[in-house]
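Novice: Output the structure for:
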Amino acid sequence: MIMSHVLAVLFGLHCVTGYRHEMHLNLRPEVTSNESSKSTQHGGANGASAGCANGGSPSYCSGKDGWHWSQNACCKEGEYVSCEDGSTHSTCEGTLGWDKGRGWKFIGEGKCCTTKWVTCETGSTASQCEGTWGGEKQSGWKFVGSGKCCLATDSQVWLTCETGSSSTECEGSWGGDKSNSFKYIGDGKCCTQNWMACEAGSNAQQCEGSWGADKKNGWKFIGGKCCLFSPTSKVNLQCRSGYSASQCSNDRGKLISSDKCCWMSW
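Specialist: Below is the predicted model of the structure:
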């Protein structure tokens, strides 16, 4: 299920937030993303009898890797299967099939499948998604074709994305913000596995502090917006205008512009 966490209008101001892709347990075995539903939902593999992807080709499906063809579907016993359309054999499984070892399987008819938890975003390229020489595949990033960059992991996964960013702004100088799970996938999209809420009308120094000192407190500047992120819990922002720096500080808030003060809200 794709959930876009849109914050309410608070005190006459609208807090801008990115869209968040969520995975939930106990879903049907095979879910394929499309233009109206870009996130692939993935069921838990524990206790599953079989996961099958409709379509594909028996010549691509059957092999010695546990996949088999059954009733016009490609299946893997004991697993749930998630697939993305618009791929090719080499794009999905990698050069000489190296990505098969990371759990990716091309079953034909443009379908690239995996038994991992996976969520995907459009607007990317292979180098932007997977990094130079595919170096970020080890972190679970995979380009499946048709502009889709996917994150695949062994456990439940989310992505929250903001637009209007750049590679350096999103990932930081020399990629320093990658340690906080920020990933630039192209097309101005900065994505993270963290929960995140953003407010427009800020700049990098006001949001992140001198030399990025406030990043350690969860503040991140993305595309003109000041964002608060958390790896563990949902984030909401409450913001008011008309504050001085001292007033905002006294109220234990964060001044993100000349007069706008923001707080974490529950």
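Novice: At the geometric centre of this structure, which residue do we find?
Specialist: For the chain, Leu159 is the residue whose C-alpha lies nearest the centre (Cα atoms, centre = their mean; 2.7 Å).
Novice: That residue and Leu255, how far apart?
Specialist: Distance of Leu159 to Leu255, given as Cβ to Cβ, to the nearest Å: 29 Å. C-beta coordinates here come from the backbone N, C-alpha and C atoms, glycine included.
Novice: was I right about Ser167 contacting Ile185?
Specialist: No: counting by Cβ atoms under 8 Å, Ser167 stays clear of Ile185, with 9.6 Å between them.
Novice: any shared contact partners between those two?
Specialist: Gln128 (Cβ atoms under 8 Å, 6 or more residues apart in numbering).
Novice: which other residues reach the one helix or strand Cys150 maps to?
Specialist: Assigned by DSSP states H and E, Cys150 belongs to strand 148-153. With Cβ under 8 Å, 6+ apart as the test, strand 148-153 has contacts from 33, 38, 40, 84, 86, 102-104, 114, 116-124, 128-129, 140-144, 157, 159, 183, 185-186, 193.
Novice: ok, that strand: who's next to it in the sheet?
Specialist: Strand pairing for strand 148-153, using DSSP bridges, gives strand 117-121 (antiparallel), strand 141-145 (antiparallel).
Novice: what pairs with Cys120 across the strands?
Specialist: Applying DSSP bridges, one finds that Cys120 bridges with Cys150.
Novice: Run the chain-centre distance for the helix or strand hosting Leu237.
Specialist: Secondary structure from DSSP H and E places Leu237 in strand 236-240. Here the centre of strand 236-240 is set off from its chain's centre by 24 Å, with Cα atoms, centre = their mean, to the nearest Å.
Novice: Now do it: which elements does it pack against?
Specialist: In terms of contacts (3 or more Cβ pairs under 8 Å, 6 or more residues apart in numbering; DSSP states H and E), strand 236-240 is packed against strand 195-200, strand 261-265.
Novice: tell me the angle that strand makes with strand 261-265.
Specialist: Calculated by axes from the mean of the first three to the mean of the last three Cα atoms, to 10 degrees, strand 236-240 forms an angle of 150 degrees with strand 261-265.
Novice: Pull up the pairing partners for strand 236-240, direction included.
Specialist: strand 261-265 (antiparallel).
Novice: Residues contacting the strand it pairs with, please?
Specialist: Strand 261-265 has contacts (Cβ under 8 Å, 6+ apart) with 10, 199, 226, 228, 235-240, 243, 247-248, 251-256.
Novice: measure the nearest residue to Ala204 once chain neighbours are set aside to Asp154 for me?
Specialist: Sequence neighbours aside, Phe221 is the residue nearest to Ala204 in space, at 4.3 Å (criterion: Cβ to Cβ, 6 or more residues apart in numbering). Computed as Cβ to Cβ, the Phe221 to Asp154 distance reads 32 Å.
Novice: Equivalent analysis for Cys261, please.
Specialist: Plainly put, Cys261 is 41 Å away from Asp154 if you go by Cβ to Cβ.
Novice: Likewise for Ser202?
Specialist: For Ser202 relative to Asp154 (Cβ to Cβ), the value is 36 Å.
Novice: quick one, which of these two is more surrounded?
Specialist: Taking neighbours as other Cβ atoms under 10 Å, Ser202 and Asp154 compare with Ser202 leading, 23 against 11.
Novice: confidence score at the more buried one?
Specialist: pLDDT for Ser202: 96.
Novice: Kindly report the same for Cys112.
Specialist: Per-residue pLDDT puts Cys112 at 97.
Novice: my read: it touches Phe106, true?
Specialist: Yes: using Cβ under 8 Å, Cys112 is in contact with Phe106, at 5.7 Å.
Novice: Report the set of residues contacting both of the two.
Specialist: Contact with both Cys112 and Phe106 is made by residues Ser87, Cys92, according to Cβ under 8 Å, 6+ apart.
Novice: all strands of the stretch 51-200 of the chain, in order?
Specialist: 67-69, 73-77, 81-84, 104-108, 111-114, 117-121, 141-145, 148-153, 159-162, 182-186, 189-192, 195-200 (DSSP state E, counting those that start in this stretch).
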